[in-house]
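Participant: Next input, structure requested:
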Amino acid sequence: MNDRPRESKPASMSAEEFRRAGHALVDWIAGYQSTIEKRPVLPAVKPGEIFDAMPPAPPQSAEPWDAIWRDVERLVVPGLVHWQSPMFFGYFPCNASYPAILGDMLATGMGVNGFLWANCPAMTEVEARTTDWMAELLGLPGKFTFAGSGGFARGTGGGVIQTTASEATLVAMVAARHRVMRETGGDSRRLVAYASSQAHSSVLKGALISGIGRENLRLIGVDESLAMRPELLEEQMRRDEAAGMLSFFVCATTGTTSTGALDPIRGIAEACRRAGTRGMWLHVDAAYAAAACVCPEFRVMLDGVELADSIVFNPHKALLVNFDCSCFWTADRASMIESMSVSPAYLRNAASASGQAVDYRDWQVPLGRRFRALKLWFVMRRYGSEGLREHVRNHDRLAALFESLMRADAGFELPTPRCFGLVCFRLRGDDAANRAIVERLNAGREILVTPTVVPIGPGGEDRVVLRLAVGATGVEERHIRRAWDLIMAAARAS
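Facilitator: Alright, predicted model coming up:
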């Protein structure tokens with residue numbers, strides 16, 4: 001009698017079944033993208049509704065693909081906020097394009113994990129060259145590129161694709177901490193970081209995660225355009241240095257989340273120099289607005305970037321690359337690598353030891369990484385520089401149209417300057433009326449806008465301001481005019 005257990009295999013999807021399902025999925029995605037404006041932007045679901053509609057226990061037996069897909073249509077799609085809708089104006093765009101989608105599909109199908117050059121040379125080197133291309137397209141100085149700073153392995157600078165700008169800011173802060181401690185031998189408990197009062201919350205999160213702490217992050221006052229005031233930064237640095245603290249990191253924001261305010265990079269760098277801080281790291285968060293810099297006429301917003309140590313920009317916001325794809329460049333890769341490099345035996349290899357390879361594991365927080373560069377590479381090649389410039393200029397033109405409609409109506413005001421595709425506006429009057437407009441607009445589900453609260457006016461009083469961010473891949477003039485009509489109707493009802 002044979003007591004050996006029978007050999008069994010899991011109920012996997014065959015190559016032929018995958019082929020059929022994959023072709024159908026591509027057809028579905030194309031149909032979804034081409035008809036998305038017919039869908040309500042916001043779903044009509046309540047918290048917990050989708051959770052409760054799913055079985056409480058996982059399936060015990062393999063289910064046919066058709067049954068799984070029916071639940072995608074039944075549960076997932078009705079619960080989506082349609083970020084790709086041309087009527088999605090609520091947050092900075094998270095737009096996509098067919099070349100980027102194909103790049104993501106290919107990266108997933110290849111399934112490589114290139115945290116070491118030796119693990120996937122093509123993944124590392126395509127990413128290095130593509131980030132160089134993007135830096136050139138934005139007009140960044142050569143010190144931020146591999147080619148411009150000495151080469152692929154021997155250079156002093158270079159670019160890497162992070163998941164988000166939040167992660168990039170954390171990496172910059174960790175590198176800055178390492179550099180200032182190396183150069184001064186100071187006490188890490190005395191380190192102080194700086195950002196404007198309008199900076200993204202990721203700066204505070206970075207301070208918390210890196211151990212700097214909430215109490216050692218100084219939020220600097222802003223001017224009437226809500227941009228950081230360099231003279232206030234300098235004064236605060238001098239006070240901190242006099243108190244025995246060590247100023248080590250400044251984040252200048254090019255396009256704040258609330259209003260798109262543009263911090264003066266050159267003025268901030270000069271303030272740091274005058275304050276006499278040693279080892280100071282200047283990081284530029286240009287996550288959204290740098291997309292405009294593919295056009296030379298907008299590059300003034302990055303004036304002084306050559307004085308910075310690092311900069312981050314998200315192609316996944318307004319440059320046709322689907323989430324996630326955040327380009328981070330530094331002119332001091334040594335400090336970054338030294339701050340995060342670990343070399344257990346299982347990661348050591350001849351290529352790394354030779355000094356001829358770039359190992360991106362030392363350029364980021366996690367070890368593992370996806371082949372994100374493929375989608376950026378596909379987009380840059382399929383659209384070309386001129387195509388990307390045309391895309392950006394179209395969004396700028398549409399935002400300018402909405403701005404002109406607002407200016408022509410005495411009932412509204414524009415409390416802050418327009419930044420590329422972001423227009424901030426409010427109904428003249430109290431905050432309650434403006435909140436009511438947002439609630440009415442979003443309740444209708446045809447459009448999404450978001451509010452923020454910022455200091456405006458001579459007294460700098462906090463007021464509710466509405467944000468309309470133009471950035472969807474398929475947005476056209478008719479969508480802008482429809483948005484205007486809906487806003488006017490909501491204002492009349494307030």
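
Participant: what's residue 383 in contact with, if anything?
Facilitator: Residues in contact with residue 383 (CB atoms under 8 Å, 6 or more residues apart in numbering) are 97, 99, 320, 391. In short, each C-beta sits where N, CA and C put it, glycine included.

Participant: Out of those, give me the one that has the most neighbours.
Facilitator: The member of the contacts of residue 383 that has the most neighbours, counting by other CB atoms under 10 Å, is residue 320 with 26 neighbours.

Participant: Return the residues in contact with it.
Facilitator: Residue 320 makes contact with 95-97, 99-100, 379, 383, 388, 391, 473 under the criterion CB under 8 Å, 6+ apart.

Participant: Farthest-apart pair in these, please.
Facilitator: 96 and 388 (14.3 Å; CB to CB).

Participant: Now intersect the contacts of residue 383 with the helices, please.
Facilitator: When these are checked against helices (DSSP state H), the matches are 99, 391.

Participant: In CSV: the contacts of residue 383, plus distance to residue 397 and pLDDT.
Facilitator: CSV is the format used below for the contacts of residue 383 (distance: CB to CB, whole Å; pLDDT from 0 to 100):
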residue, distance to residue 397, pLDDT
97, 19, 93
99, 23, 95
320, 17, 95
391, 11, 95
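
Participant: give the contact list for residue 267.
Facilitator: Residues near residue 267 by CB under 8 Å, 6+ apart: 230, 304.

Participant: three-state assignment of it?
Facilitator: Under DSSP: H, G, I helix; E, B strand; the rest coil, residue 267 falls in the helix class.

Participant: So for it, what's the pLDDT?
Facilitator: pLDDT, the model's per-residue confidence, is 97 for residue 267.

Participant: distance of residue 139 from residue 301?
Facilitator: Residue 139 sits 11 Å away from residue 301, going by CB to CB, to the nearest Å.

Participant: any common contacting residues for the two?
Facilitator: By CB under 8 Å, 6+ apart, the residues touching both residue 139 and residue 301 are residue 293.

Participant: more neighbours, the two?
Facilitator: Remark: of residue 139 and residue 301, residue 301 carries more neighbours, 20 against 15, as counted by other CB under 10 Å.

Participant: wait, doesn't residue 90 sit right on residue 452?
Facilitator: No. Residue 90 is beyond contact range of residue 452, at 11.0 Å (criterion: CB atoms under 8 Å).

Participant: The two - which one has more neighbours?
Facilitator: Shown here are residue 90 and residue 452; by other CB under 10 Å, residue 90 has more neighbours (21 against 15).

Participant: Contact partners for that one?
Facilitator: Residue 90 sits next to 442, 448-450, 467, 469 when contact means CB under 8 Å, 6+ apart.

Participant: do you know how far it is from residue 257?
Facilitator: Distance from residue 90 to residue 257, by CB to CB: 12 Å.

Participant: Ok, residue 42 next?
Facilitator: Relative to residue 257, and taking CB to CB, residue 42 is found at 20 Å.

Participant: do the same with residue 445
Facilitator: Residue 445 is 24 Å from residue 257, where distance means CB to CB.

Participant: okay, those two: which has more neighbours?
Facilitator: Counted by other CB under 10 Å, residue 445 and residue 257 do not tie: residue 257 has more neighbours, with 22 against 16.

Participant: hang on, isn't the more buried one packed against residue 203?
Facilitator: No. In this structure, residue 257 is not within contact of residue 203 by CB under 8 Å, at 11.2 Å.

Participant: picking up where we left off before, now for residue 90 and residue 452: what residues contact both?
Facilitator: Common neighbours of residue 90 and residue 452 (CB under 8 Å, 6+ apart) are residue 467.

Participant: The helix or strand encompassing residue 317 - contacts with which helices or strands?
Facilitator: According to DSSP states H and E, residue 317 maps onto helix 315-318. On a contact count with 3 or more CB pairs under 8 Å, 6 or more residues apart in numbering; DSSP states H and E, helix 315-318 meets strand 326-330, helix 373-407.

Participant: Nearest residue to residue 422 in space, please, no chain neighbours.
Facilitator: residue 260 (4.2 Å; CB to CB, 6 or more residues apart in numbering).

Participant: surely that neighbour meets residue 415?
Facilitator: No. Look at residue 260 against residue 415 with CB under 8 Å: they stay out of range, at 11.9 Å.

Participant: In CSV, list the contacts of residue 320 along with distance to residue 346.
Facilitator: Formatted as CSV, the contacts of residue 320 follow (distance: CB to CB, whole Å):
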residue, distance to residue 346
95, 39
96, 37
97, 38
99, 36
100, 34
379, 35
383, 41
388, 41
391, 44
473, 42
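
Participant: Out of those residues, which is nearest to residue 314?
Facilitator: Using CB to CB, residue 95 comes nearest to residue 314 of these, at 10.9 Å.

Participant: Not counting its own residues, what contacts the helix or strand of the chain with the lowest mean pLDDT?
Facilitator: Least confident helix or strand, the chain: helix 350-354 with a mean of 76, by mean pLDDT, DSSP states H and E. Helix 350-354 has contacts (CB under 8 Å, 6+ apart) with 116-118, 343, 357, 359.

Participant: Can you select the buried ones among the residues you listed for me in PyMOL?
Facilitator: Burial among the contacts of helix 350-354 is assessed by 16 or more other CB atoms under 10 Å; the matching PyMOL selection reads:
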select buried, resi 116+117+118+357+359
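
Participant: Can you report how many residues neighbour residue 15?
Facilitator: 7.

Participant: State the pLDDT value of it.
Facilitator: 92.

Participant: same thing with residue 10?
Facilitator: Confidence for residue 10, expressed as pLDDT, is 65.

Participant: The stretch 351-494 of the chain: strands as residue ranges?
Facilitator: 412-413, 422-427, 450-456, 461-469 (DSSP state E, counting those that start in this stretch).

Participant: So which of those strands is nearest residue 221?
Facilitator: Residue 221 sits nearest to strand 450-456 of all these, at 9.3 Å, using CB to CB.

Participant: Can you pull out the residues in contact with that closest one?
Facilitator: 90-91, 198, 222, 226, 257-259, 415-416, 424, 434-435, 438, 461-467.

Participant: ok, now stretch 196-206?
Facilitator: 164-166, 169-170, 172-173, 193, 195, 212, 214, 217, 219-222, 226-228, 251-253, 256-259, 261, 263, 285, 287, 454.

Participant: So which bits of it are buried?
Facilitator: 196, 198-200, 202-204, 206.

Participant: nearest to residue 310, of the strands of the stretch 351-494 of the chain?
Facilitator: The nearest among the strands of the stretch 351-494 of the chain, by CB to CB, is strand 422-427 at 23.5 Å.

Participant: Appreciated, that's everything.
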